[in-house]
Every structure is written in C-alpha cells, then in structure tokens.
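Undergrad: Requesting a structural model of the entry that follows:
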Amino acid sequence: MAYQKPRQTFKGQIKEVVMGKDLKIGGESVLPFYTFDGDTGNPPRIGMEVWDVAPTGWPEGLMNLIKDVAEDPAAWAQFYVKNYNPDFIVLRFVGANPDVKDRTPEECAEIAKKVADSVEVPLVIAGCESNEKNGKIFTKISEVLANKNYAFLSAVEANYKEVGAAVGLAYGNIVVAESSVDLNLAKQMNILVMQLGVKPEKIMMNPGISAVGYGYEYVITTLDRIKLAALDQNDTTLQMPIISPISFESWKVKESTATEEDAPEWGSLEDRGIAMEICGAVGVLAAGSNGVILRHPRSVEVLKNFINSMLN
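TA: You can find the predicted model right below:
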C-alpha cells in the first residue's frame, strides 16, 4: 500500500481582508506555509516604512539610498514602489509627536493625501508615540482618505473608541487592533472594536511585537496560540489577519544602534540591523503573521525570497 501523507485540517479559517483596491491578506485555513495540509490563503505581504519627516539615526547606506527623497514622503513612497515593489507603503507620522514637530491633524491629512495620490499600492497609516494624538490624526486622515480600505495602525485600549468610530465606521477604512503580547488582550481588543460596529472584514490585528532577544519568545508563542485558537477552536474573534511592524522595534535596540567604534567586534552596524530585521520577520511569519513592515530594502529582498521559497 502506498504511503499516504497525513493532513492536518481545521474547522476555522482566517478572514480575508482587502487593502486598497485589491490587495488581499489572510484567508488561510492551515498553519503558516503548510502547503501540504491545505489552503495557505494569500501570501504574506510586505510593507516598507516611509516617514513624514526626514529620519535621523538611520544607517548611512540606507540614508544614501533615500537622500534625494527623504524630505518628501510622496517622492519617497514613489521611489520605494518603483525600485523595491512592496505590497504596501507604511506612512508613519513621527512628526505628529508633540516632542518632534507636533504636526496638526490637518497637516498630517495633507501629507497622507499627497502620498496616497502618488502611489497605486495601499497605505498603512501609522501614528506617533502619543495615543491621544494618534486618535486625532487618524480621524482627520481617514476623513480625507475615506473608503480607501487603508489600514490604520493602531487602535489601542486608550483610543479604540475614537479610532474605531472614525476609521472603521464613519470613513470605511481598516482598523488594526493592537494589544500587548497576550492572547486574551488581543481577543478583548478585537471584541471591543467589533462591539463598536466595525465589521470583522475591516479589522486586522497587531498582537504586539519585539526585537529578537527582547521577549521575542513571548511574541512567537502568542502568535502560535492565536492562530491555533482561530483555526483549531474556530474562535471567530481571533480570525483576523495579523500585521507585525517588525522595523519599529528591530532598529532601536542596541544590536542595531551601537556604533562600530563602540562595538567593533559586532561588525557593520547596517548589517546588524538588517540581520535583526530579517530574523524578526522570518520568526513571526512562521508563527502566523500575515504581513510584516520592514525598513531596509535588503530585508525586503531576503523576505520576498524566503516567502517564495516556502510557498513554491
């Protein structure tokens, strides 16, 4: 008798969310990359980070790549789309922070509109370190970008009512519900956003992220548990696609910031940051993330090859 490979099947399925006009994310009914078990849904998506202000402290090689566009977010987004073909652009409003430029919601909305008009790929709108300010800028940006199916990162416990009501209900965009590396908190945030009236197909999740070596094992086990609850237990409150902002954490730890003069034994600063970003992204994709946000083009190239090799 010929050997028949056993297949692991589940009752549940991750919901498929459409970003922008037609970028689909999620939709799988098996564990990540388990092509031999069934439908792996849409391939994991990759987004590249663009700031509303010229960045400081980024590696010299990366700054040389973007030196002609770093002052203009729309030109910067166009440059990335043309040269690196990301699935989406992440427009991060660092300048909205009251301690940076304290941009007004109207200023942020104007920038977001210019970027949206400059590229065909969908946007993920990310805020600053202030949850209170994020609620205000997300409301205004979602108003000028109504019904674009853009994702807003994130709604947290402190502002989910304001973000959910504006982004998900009034202006027809996608709410990313963020929690802090805990399955129950992730479930609670999804339920709270849904109780506002936001439809599940307009919700994604960011259940927390860290750099490799900084509580990263908790991130991985949390993603594992969320995916198993969604698929094996058919928990509909956890069946939203997961998006992981890897670059937000990977580039601010000492391994990515210590100068080569301070840590000569660690080698190239830029290579260290890229390695941290790639390792973090590969881990969360293998644990169930449906999309990752990256900063360095070299990381994007490696992750694209990784995803293709795993799925094909």
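
Undergrad: Can you list the residue ranges for helices in the stretch 101-250 of the chain?
TA: 105-118, 131-144, 160-163, 183-195, 216-231, 246-250 (DSSP state H, counting those that start in this stretch).

Undergrad: out of those, nearest to Ser29?
TA: helix 216-231 (6.8 Å; C-beta to C-beta). Every residue, glycine included, has its C-beta placed from N, CA and C.

Undergrad: Next, the buried residues of the closest one.
TA: Buried residues in helix 216-231, counted by 16 or more other C-beta atoms under 10 Å: 216, 219-220, 222-231.

Undergrad: need the longest strand for the chain.
TA: Selection of the longest strand in the chain by residue count, based on DSSP state E, yields strand 45-51.

Undergrad: Can I get it as CSV, trimmed to CA atoms?
TA: Presented in CSV, the C-alpha positions along strand 45-51 are these (Å, rounded to 0.1, in the frame of the first residue of the first chain):
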residue,chain,number,x,y,z
ARG,A,45,2.5,40.7,2.5
ILE,A,46,5.5,43.1,2.9
GLY,A,47,5.3,46.8,3.6
MET,A,48,8.0,49.4,3.6
GLU,A,49,8.3,52.2,6.1
VAL,A,50,8.2,55.9,5.0
TRP,A,51,8.2,58.8,7.5
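
Undergrad: chain center to it, what's the gap?
TA: 8 Å (C-alpha atoms, centre = their mean, to the nearest Å).

Undergrad: Mind giving me the packing neighbours of that strand?
TA: helix 73-84, strand 88-92, strand 291-294, helix 297-311 (3 or more C-beta pairs under 8 Å, 6 or more residues apart in numbering; DSSP states H and E).

Undergrad: What pairs with it, parallel or antiparallel?
TA: Here strand 45-51 is paired, per DSSP bridges, with strand 88-92 (parallel), strand 291-294 (parallel).

Undergrad: OK, contacts around the closest residue to Thr9 other than its chain neighbours?
TA: Distances taken as C-beta to C-beta, 6 or more residues apart in numbering place Gly38 nearest to Thr9, at 6.4 Å, with adjacent residues excluded. Counting by C-beta atoms under 8 Å, 6 or more residues apart in numbering, Gly38 touches 7, 9, 29-30.

Undergrad: Against Leu183, how distant is Ala165?
TA: From Ala165 over to Leu183 the distance is 26 Å, taken as C-beta to C-beta, to the nearest Å.
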